[in-house]
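Asks: Fold the following.
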Amino acid sequence: MELLTGFGLATAAGLNAYIPLLALGLLSRFTDLVTLPHGWAWLGNGWVMAIVAVLLLIEVVADKVPALDSVNDIVQTAVRPTAGGIVFGSGTAAQTSAVADPGAFAQSGQWVPVVIGVITALAVSLTKSTVRPVANVATAGVAAPVLSTLEDIASVALVFLAILVPVLAALAVLALVWAAVRLVRRRGQRKAAAIDRTT
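Replies: Numbering: from 1, shown residues only. Have a look, this model is predicted:
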């Protein structure tokens, strides 16, 4: 179940880096739904949550403006995987520690959940960054606020599913992967058809 929770949280971070970070902080501080491991307790710090909330507000606005959303995606390509590693690591109860002996740290396996989260969030973020410009061009920018809002809603839903019903979060992740694959295939078919028409 912890693994499913981690995947759900990392996928949510790939859509919006700050929603799962803020949600984990708020839920750990004000509810009994989340108990963060000692190494991740800083997520519930008031200052950290305030900074994440400001960054979330900036992200929500920037992601809804055509052209600016593509610039935002470039910046977020580094942020989303980092957030994915953090939320996967905290969601699977991984502990962080000071790395005094890199060899011992490597053998401990503490880095594995973080790397899985980074890869998961990066894959989702790159898919999002690929789809968004195409949708903007095809709809003259009208799709940007719609897609951004849907992504934010999906990120919030994934966070709560990952925490409350991890199996449903896993199914939601699979549905997102299926939808992304279909979209990419459809795009490839349209390109092939356009090339056939020109030749």
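Asks: Name the next helix or strand following the lowest-mean-pLDDT helix or strand in the chain along the chain.
Replies: Every helix and strand of the chain was ranked by mean pLDDT, DSSP states H and E. The lowest is helix 102-108, at a mean of 53. Per DSSP states H and E, the first helix or strand lying C-terminal to helix 102-108 is helix 112-138.
Asks: got the angle for the helix or strand that that next one is followed by vs helix 112-138?
Replies: Counting by DSSP H and E, the next helix or strand C-terminal to helix 112-138 is helix 143-164. Orientation check (axes from the mean of the first three to the mean of the last three C-alpha atoms, to 10 degrees): helix 143-164 against helix 112-138 gives 160 degrees.
Asks: Quick one: list the elements packing against helix 143-164.
Replies: Applying 3 or more C-beta pairs under 8 Å, 6 or more residues apart in numbering; DSSP states H and E, we find helix 143-164 packed against helix 2-15, helix 18-30, helix 68-91, helix 112-138, helix 166-198. (Each C-beta comes from the backbone N, C-alpha and C, glycine too.)
Asks: buried set for the third one?
Replies: Of the residues in helix 68-91, those buried under the neighbour-count criterion (16 or more other C-beta atoms under 10 Å) are 69, 72-73, 76, 79-91.
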